[in-house]
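>>> generate coordinates for the sequence data below:
(4 chains)
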2 protein chains.
Amino acid sequence: MSAEIHKKIRVILADDHPVVRDGLAAMVNQQPDMEVVAEAGDGDAAIALYEERQPDVMVLDLRMPKRDGLAVVQRVMEINPKARLLIMTTYDGDEDIFQCLSHGAKGYILKDVPRQEILSAIRAVSEDRPYTSSTVAAKALQRMAKPSLTERELDVLELVAQGRSNKDIARRLSITEGTAKTHVKSILTKLDAISRTEAVAVAHKRGLIRL
Amino acid sequence: MSAEIHKKIRVILADDHPVVRDGLAAMVNQQPDMEVVAEAGDGDAAIALYEERQPDVMVLDLRMPKRDGLAVVQRVMEINPKARLLIMTTYDGDEDIFQCLSHGAKGYILKDVPRQEILSAIRAVSEDRPYTSSTVAAKALQRMAKPSLTERELDVLELVAQGRSNKDIARRLSITEGTAKTHVKSILTKLDAISRTEAVAVAHKRGLIRL
DNA sequence: ACGCACCTCTCCCTATAGAGAGAGGAATGA
DNA sequence: TCATTCCTCTCTCTATAGGGAGAGGTGCGT
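As a prediction, the model looks like this:
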């Protein structure tokens, strides 16, 4: 083996699909300048392995069992504010992108990008350079111009998305029906929707809710 | 243990994520009894390559550009009613499973299964034995007890899911509002939902609509 | 102490949704 | 031919949704 002066980029892969981990690991380990030091199949494992192995880069899927990618980003950034995290996922909703990037993820790419781009992204992030494709970045910028929902509104939105009536929502949240309507109304306004069903469609597209 | 004079199982992989194809291809090619003879990144390519290479097994993702997995199943079964297709996807809705299996797919597995199970499934399907994990099979059976939506109802459902009003739906489908309401009503009955928003939630869970 | 955002509640009003009970025409297959 | 399913349309009636315009309480940061 040729003695490299520089250390290899140490990578952790976190994705709940074994096949994806295999594919990525093979790609990464084939590169002379990087290596996979651990793999995680859920969010808790990702956090534990991050602390244990202190990798240069962690590649994260968003939807994982136990703890989703965003929660992992938040926790890891608490542990190490200089962590270098690359989100690699199929979800391209404004909200997911915006939340991950604003919580400190260094890059965000979609799973359908060509092999080479994934490796470029890992290298960029390892050097603390942000890597986000232009379409993804555009969505994050769009999202910044949109009003955020409050926590309570998100509570209500989730129930609306389940098809609950205002009366039902009120009961579940221990508020009056009128208050539930008030929340629904501001949700409609913020999402620029005419009906609750349209609000659900918009919210889903933006990644505000997971059905 | 009979001498292995048999030809290898010839496999085509169809998935729009290069990483997944890589992972699968590596796994398959590592086996002594199977080999990948082609890879497709979209539905049209999958069909074209199937005809050209006549593989023993085609592994299919459901959501692909140009033509989705179900459409590929339908087309390939027309071309060759004895085709051996294995669906490998993240979507576990009743409808997807039911439709694929009833159109002749031999197996249906989820992407989060362990490596070994994927290989077992490919071997089973290559021998024309059905392979479907118990939880997936259970959903297909559940689905059989549920009423199907008509084509027109699916048209309406899609617009309902976009948040359109009955009046709007009527305009777009060139029918009266009353007729739109009739369709919505039977959708609600068939999906066992109280409101249109709940119907959308149920339809999404079952895989009747893609948001 | 003040503004500010949020959550809560109220009253009134109109538009829409959804239940119920039909009925006619077209296509399909037994 | 007959039975069935689907699509279309009509009617009435009630419940719910959603717009408008407030107002009182909290907690927060300045």
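>>> can you pull the buried residues of the helix or strand harbouring residue A:138?
Element membership of residue A:138 [criterion: DSSP states H and E] is helix A:134-144. Going by neighbour count (16 or more other CB atoms under 10 Å in any protein chain shown), the buried part of helix A:134-144 is A:136, A:139, A:140, A:143. All C-beta atoms are positioned from the backbone trio N, CA, C, and that covers glycine.
>>> and which of the residues you listed is nearest to DNA strand C?
The closest of the buried residues of helix A:134-144 to DNA strand C turns out to be residue A:143 (CB to the nearest atom of the strand; 15.6 Å).
>>> wait, doesn't the closest one sit right on residue A:101?
No. Assessed by CB atoms under 8 Å, residue A:143 is found out of contact with residue A:101, at 9.5 Å.
>>> stretch A:157-164 close to DNA strand C?
No. Stretch A:157-164 does not reach DNA strand C (CB under 7 Å from any atom of the strand); its nearest approach is 8.5 Å.
>>> mean confidence for that stretch?
Averaging pLDDT along stretch A:157-164 yields 96.
>>> also stretch A:195-211?
94.
>>> flag every buried residue along it.
Buried residues in stretch A:195-211 (16+ other CB under 10 Å): A:196-204, A:206-209.
>>> just list the residues touching residue A:126, thanks.
By CB atoms under 8 Å, 6 or more residues apart in numbering or on different chains, the contact set of residue A:126 is A:9, A:34, A:56, A:57, A:84.
>>> most neighbours, which of those?
residue A:57 (25 neighbours; other CB atoms under 10 Å in any protein chain shown).
>>> enumerate the residues of chain A near chain B.
A:16-24, A:26-27, A:90, A:111-115, A:118, A:160-165, A:193-202, A:204-205, A:211 (CB under 8 Å from any CB of the partner chain).
>>> got the residue ranges for the strands in chain A?
A:9-14, A:34-40, A:57-60, A:85-89, A:107-110, A:131-132 (DSSP state E).
>>> how close does residue A:44 sit to residue A:72?
Distance, residue A:44 to residue A:72, using CB to CB, to the nearest Å: 9 Å.
>>> quick one: which of the two has more around it?
A direct count of neighbours by other CB under 10 Å for residue A:44 and residue A:72 places residue A:72 higher, at 30 against 16.
>>> same for DNA strand D: which of the buried residues of stretch A:195-211 are within range?
A:196, A:197.
>>> just the buried residues of stretch A:195-211: which are in helices?
A:196, A:197, A:198, A:199, A:200, A:201, A:202, A:203, A:204, A:206 (DSSP state H).
>>> which residues of chain A score low on pLDDT?
A:1-5 (pLDDT under 70).
>>> quick check: domain ranges of it?
Per automatic domain parsing, the domain ranges recorded for chain A read A:9-144, A:151-206.
>>> need the contacts of residue A:126 in a markdown table with distance to residue A:77, can you?
Shown next, in a markdown table, are the contacts of residue A:126 (distance: CB to CB, whole Å):
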| residue | distance to residue A:77 |
| --- | --- |
| A:9 | 20 |
| A:34 | 22 |
| A:56 | 15 |
| A:57 | 14 |
| A:84 | 10 |
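>>> get me the contact residues on chain A for DNA strand D.
A:165-167, A:181-182, A:184-185, A:188-189, A:194-197.
>>> same thing but at 6 Å, please
Contact residues (CB under 6 Å from any atom of the strand) of chain A with DNA strand D: A:165, A:166, A:167, A:181, A:182, A:184, A:185, A:188, A:194, A:195, A:196.
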